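K.L.:
give me a 3D structure for the following:
(3 chains)
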Amino acid sequence: MSLLSVEKLTKSFGGLTAVSNVSLHIEKGELVGLIGPNGAGKTTLFNLLTGVYVPTSGNIKLDQGGKIKELGGLKPYNVTKTGLARTFQNIRLFKDLTVLDNVRIAMHMNVQYNMTAALFHPNKFFNEEDRIREEAEKLLQIFHLTGKKNEFAKNLPYGEQRHLEIARALATKPSILLLDEPAAGMNPNETAALTEIIGWIRKEFDLTVLLIEHDMSLVMKICERIYVLDYGMMIASGKPEEIRANKKVIEAYLGEDVSNA
Amino acid sequence: MRVLTKKNIMILGSILLAFAIVQLLMSIGILNSFYQITIATICINIILAVSLNLVTGFTGQFSLGHAGFMSIGAYVCAIIMMRIPSTYGFLLGVIAGAFAAAFVGVLIGIPTLRLKGDYLAIATLGMAEIIRVIFLNMEITNGAAGLNGIPRFANWLWLCFFTVATIIIINNFIRSSHGRACISIREDEIAAESMGINTTKHKVMAFALGAFFAGVAGALYASYFYFLKPDLFGFLKSIDILVIVVLGGMGSITGSVIAAILLALLTTFLQSFTAVRMIVYAAILVVIMIFRPQGLMGSKEITDLFEFRKKDDRIE
Amino acid sequence: MDQFLQQMVNGISLGSIYALIALGYTMVYGIIKLINFAHGDVYMIGAYIGFAATTYANLGFFPALIISMLACAALGVLVEKIAYKPLRNSSRIAVLITAIGVSLLLEYVMMFFVGAEVRSYPELLTDKAFHIGEVIINMQQIYIVVTAIALMILLQFIVHKTKTGKAMRAVSIDKDAAELMGIRVDRTISFTFAIGSAFAGAAGVLVGIYYNSIDPLMGIMPGLKAFVAAVFGGIGSIPGAMIGGLSIGILETLVSGYGNSMYRDAAVFAFLIIILILKPSGLLGKNTREKV
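P.N.:
Numbering: from 1, shown residues only, chains lettered A, B, ... in the order given. The predicted structure is shown next:
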């Protein structure tokens, strides 16, 4: 049994089928890419996996150490609790909060005090708050954001906002990380740095990663396997070199330069 | 004990000092009963505004029904006090009123907090109207005529105690992980949910806590002004509270406190001109929204202003 | 059965008034996504203008109706220009709070000038009544329903057959795109406010002759109920507002007639909450979904 297996997943909005009969599987520790032209249904698939949308039909199964858990139809926060964390294509940071608070908020579900402690602040509260702050700062360090922990998220440069989104996702202690176009809008240098960080956190946090990306250089470089969506359907899957040679993929991307990436 | 920091001891000291000064001025008669009523109004309005700020300013859930929760606290406390006319009865009334309001808050919150923005505002407004109509038609509340002769046990000591307790507890909540979760809902509900936050649960939590303290305020009102009728808690009362929160700044507790004081003083001066008072109120609301939509304090607290200075020092 | 029919007649007359007010809510919401809380007060001012026109100028029903509609249209445009336009890019809550502020302002400025007391409308129409079996339909009710229907037909014509109507529909779908297509967005929004407010003014005069009494706070409750009507019909939908208005009017008279009139208002709000929870888009409204 794979860590995450998606079986015949379909999502339609009224008459439009955004994701149609898609199956895929991700093994533990893998770094898998999900590509496809604009409007192919990649983000919709992410939204299905993370509980933002309820599937019209099909299954999403997560292997929790031998126990199989169905994720389809769970609320997003319950999906996150099973160990899936995500970033957003159009950056959804808590813009008017500080960088530190952005990360601390994502640690809420693992906080070890209850409502009463929140209201009356006993010693236990302060100890736990110290732990939260320490852990959050550790994450910020990885992304070189320590110096900016008290800045508002909206004031960070674009690339750092993308980094903060990943740091925030990691704060939920996920086993699977879903990255929605993490390199969008970055220049080649930034993309290279990001590639390195993704590789590093993957080892450090023992993560399985599913990545949507437009930047072919990034995908071809770091992904071990690639799935290709087009018009909501899975048209190809395989190793990067196989995908590069796949005729259907080239057709789907007609005009976009796959072979040279 | 990290509660006894230098800062907290200083705050506690200034509260005790302020309490003692007002108490002294009252006992030697400089603050006559006219001013005492203003002070009571300020305390009650601070509790109302800070609790509404938790719901609307911090959690981002626009409620137009706060007066409904206040009325529950007021009636429950009044009914208990009229049967047990003693300080114990009063305290029992405050606690029972607060819990009753919080309970209704949970009941109302679970279905309505799924709604957003304008729709939530209208739904909460409707809920408060329903509560008012129920009080109008109940026997134990004496319908439209209202309850008269509620024993007066709420004095400056209790008003001060409950006001300070409300501010401390709500401030504590906001500065906890639960509070941060509520703030994240205001910022971006979908992102909050994706970070593992049960948004419905936290919204209901904030709503119930807000209702709880609105209940406290209502109970104090009942016991201080010894007269209640359902029309005191209509749509306009909810707007009154909202004006304080908006003027002070959504997301600033200090702002709510300052605005409650300013508006109570304004009301006192314009007491005999109801229409003018309301015109001024309304004009404040419109002008603030056009020229300073973040209110007097924005989302800053007084303490932030001091800390800002310190941070600047460090940089140099 | 007769009693039921009588309640239906009363409900339809009351509902026609709600429908006229609800149209203004729905049109404004459709175009700038604002619950115009001040709308109920425009209706109140319409009633006062009608009162002035008939009492002091001795005008008849139709001239009073027209004057009230024109004056309210001007008032609506004025309110939009002064209070809402500066906030076009502010948060929804800021605009909603402004609307509440404008509402209070209109109520109490009016109270300041005309006093808080209730005034009674002069009798404009003959109190002739028609008896159909046991059911009584009086002249006022006929005027109300006929005026309301005529105005609604006019509105449908404006929205669907004129260039301005086309502009209104375009702006409500996508303001920016409409602007790029050369539509004068500001003018279209003003026009929407003008029509909505004129309808509220008409409703004010109709309510004056129906209930025979007006006061500066009379707009609050009917305003809220008309809003409920707009939500029920599906906010943004013009036929929805008509259906919603009639349904709320009938609901209210049925609760008064068969239950306890004290619970009339509570019933309307309970109804609102049930709709919001079960079908927040209303009968004819469109579902909107936030893009993630």
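K.L.:
please enumerate the helices of the chain.
P.N.:
With no chain named, the answer covers chain A. Ranges of helices in chain A, per DSSP state H, are A:42-49, A:76-81, A:99-106, A:115-120, A:123-142, A:158-170, A:188-204, A:216-222, A:240-245, A:247-252.
K.L.:
wait, I meant chain B there
P.N.:
Assigned by DSSP H, the helices in chain B fall at B:6-27, B:33-52, B:66-83, B:87-112, B:117-137, B:156-174, B:177-187, B:189-194, B:199-225, B:235-248, B:253-269, B:274-291, B:302-315.
K.L.:
got the residues of the stretch 1-150 of chain B near chain C?
P.N.:
For the stretch 1-150 of chain B, the residues in contact with chain C (Cβ under 8 Å from any Cβ of the partner chain) are B:62, B:111-112, B:114-115, B:117-119, B:121-123, B:125-127, B:129-130, B:133-134, B:136-137. C-beta here means a position set from N, CA and C on the backbone, and glycine is covered the same way.
K.L.:
which among these end up buried?
P.N.:
Buried subset of these (neighbour count, 16 or more other Cβ atoms under 10 Å in any protein chain shown): B:62, B:112, B:114-115, B:117-119, B:121-123, B:125-127, B:129-130, B:133-134, B:136.
K.L.:
of all the helices of chain A, which one comes closest to C:Ser120?
P.N.:
Nearest to C:Ser120, of all those, is helix A:115-120, at 55.3 Å by Cβ to Cβ.
K.L.:
and the closest one, what's buried?
P.N.:
So helix A:115-120, judged by 16+ other Cβ under 10 Å, has buried residues A:117-119.
K.L.:
and if you look at stretch C:67-87?
P.N.:
Across stretch C:67-87, burial judged by 16+ other Cβ under 10 Å covers C:67-69, C:71-73, C:75-77, C:79-80, C:83-84, C:87.
K.L.:
ok, A:Val103 - contacts?
P.N.:
For A:Val103, the contacting residues are A:136, A:139-140, A:164, A:167-168, A:171, by Cβ atoms under 8 Å, 6 or more residues apart in numbering or on different chains.
K.L.:
same thing but 7 Å
P.N.:
A:Val103 sits next to A:136, A:139-140, A:167-168, A:171 when contact means Cβ atoms under 7 Å, 6 or more residues apart in numbering or on different chains.
K.L.:
any idea how far chain C is from it?
P.N.:
From A:Val103 across to chain C, the span is 21 Å (Cβ to the nearest Cβ, to the nearest Å).
K.L.:
nearest spatial neighbour of that residue, chain-adjacent residues omitted?
P.N.:
Spatial nearest neighbour of A:Val103, excluding adjacent residues (Cβ to Cβ, 6 or more residues apart in numbering or on different chains): A:Ala136 at 4.2 Å.
K.L.:
do you know how far the one you found is from chain C?
P.N.:
25 Å.
K.L.:
who's in contact with that residue?
P.N.:
Contacts of A:Ala136 by Cβ under 7 Å, 6+ apart are A:100, A:103-104, A:107, A:171.
K.L.:
for A:Met233, same thing?
P.N.:
Here A:Met233 is in contact with A:20-21 (Cβ under 7 Å, 6+ apart).
K.L.:
and the gap between it and A:Glu224?
P.N.:
Applying Cβ to Cβ, to the nearest Å, the value for A:Met233 to A:Glu224 is 22 Å.
K.L.:
C:Thr253 now?
P.N.:
70 Å.
K.L.:
just want to know which of the two has more residues nearby.
P.N.:
Using other Cβ atoms under 10 Å in any protein chain shown, the more surrounded residue of C:Thr253 and A:Glu224 is C:Thr253, with 22 against 13.
K.L.:
is it fair to say that one lies in a helix?
P.N.:
Yes - assessed with DSSP: H, G, I helix; E, B strand; the rest coil, C:Thr253 lies in a helix.
K.L.:
export the helices of chain B to TSV and tack on mean pLDDT and distance to chain A?
P.N.:
Converted to TSV, those look like this (pLDDT from 0 to 100; distance: least, Cβ to the nearest Cβ, whole Å):
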stretch	mean pLDDT	distance to chain A
helix B:6-27	89	10
helix B:33-52	94	13
helix B:66-83	97	18
helix B:87-112	96	12
helix B:117-137	91	17
helix B:156-174	96	5
helix B:177-187	96	4
helix B:189-194	95	4
helix B:199-225	97	7
helix B:235-248	91	17
helix B:253-269	92	15
helix B:274-291	86	18
helix B:302-315	55	8
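K.L.:
in a markdown table: those, plus distance to C:Ile97.
P.N.:
Converted to a markdown table, the helices of chain B look like this (distance: least, Cβ to Cβ, whole Å):
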| stretch | distance to C:Ile97 |
| --- | --- |
| helix B:6-27 | 31 |
| helix B:33-52 | 13 |
| helix B:66-83 | 14 |
| helix B:87-112 | 19 |
| helix B:117-137 | 10 |
| helix B:156-174 | 21 |
| helix B:177-187 | 16 |
| helix B:189-194 | 20 |
| helix B:199-225 | 18 |
| helix B:235-248 | 6 |
| helix B:253-269 | 14 |
| helix B:274-291 | 5 |
| helix B:302-315 | 24 |
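K.L.:
closest one to A:Ala18 among the ones you listed?
P.N.:
Closest approach to A:Ala18 among the helices of chain B (Cβ to Cβ): helix B:189-194, 17.5 Å.
K.L.:
who's in contact with the closest one?
P.N.:
With contacts defined as Cβ under 7 Å, 6+ apart, helix B:189-194 is touched by A:50, A:52, A:76-77, A:80, A:86, A:88, A:92, A:94, B:181, B:184-185, B:199, C:292.
K.L.:
stretch B:10-23 now?
P.N.:
Contacts for stretch B:10-23 (Cβ under 7 Å, 6+ apart): B:31, B:39, B:156, B:160, B:164.
K.L.:
ok, of the contacts of A:Ala136, which one's closest to chain C?
P.N.:
Using Cβ to the nearest Cβ, A:Ala171 is the member of the contacts of A:Ala136 that lies nearest chain C, at 20.0 Å.
K.L.:
next, the buried residues of stretch A:180-193.
P.N.:
For stretch A:180-193, a neighbour-count test (16+ other Cβ under 10 Å) marks A:180-184, A:186, A:190-191, A:193 as buried.
K.L.:
ok, and which of the residues you listed reach chain C?
P.N.:
Residues of those in contact with chain C (Cβ under 7 Å from any Cβ of the partner chain): none.
K.L.:
could you dump those to JSON lines with distance to B:Ala191 and pLDDT?
P.N.:
Output for the buried residues of stretch A:180-193, formatted as JSON lines (distance: Cβ to Cβ, whole Å; pLDDT from 0 to 100):
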{"residue": "A:Asp180", "distance to B:Ala191": "12", "pLDDT": "94"}
{"residue": "A:Glu181", "distance to B:Ala191": "16", "pLDDT": "92"}
{"residue": "A:Pro182", "distance to B:Ala191": "16", "pLDDT": "91"}
{"residue": "A:Ala183", "distance to B:Ala191": "20", "pLDDT": "89"}
{"residue": "A:Ala184", "distance to B:Ala191": "17", "pLDDT": "86"}
{"residue": "A:Met186", "distance to B:Ala191": "20", "pLDDT": "87"}
{"residue": "A:Glu190", "distance to B:Ala191": "22", "pLDDT": "88"}
{"residue": "A:Thr191", "distance to B:Ala191": "24", "pLDDT": "89"}
{"residue": "A:Ala193", "distance to B:Ala191": "24", "pLDDT": "89"}
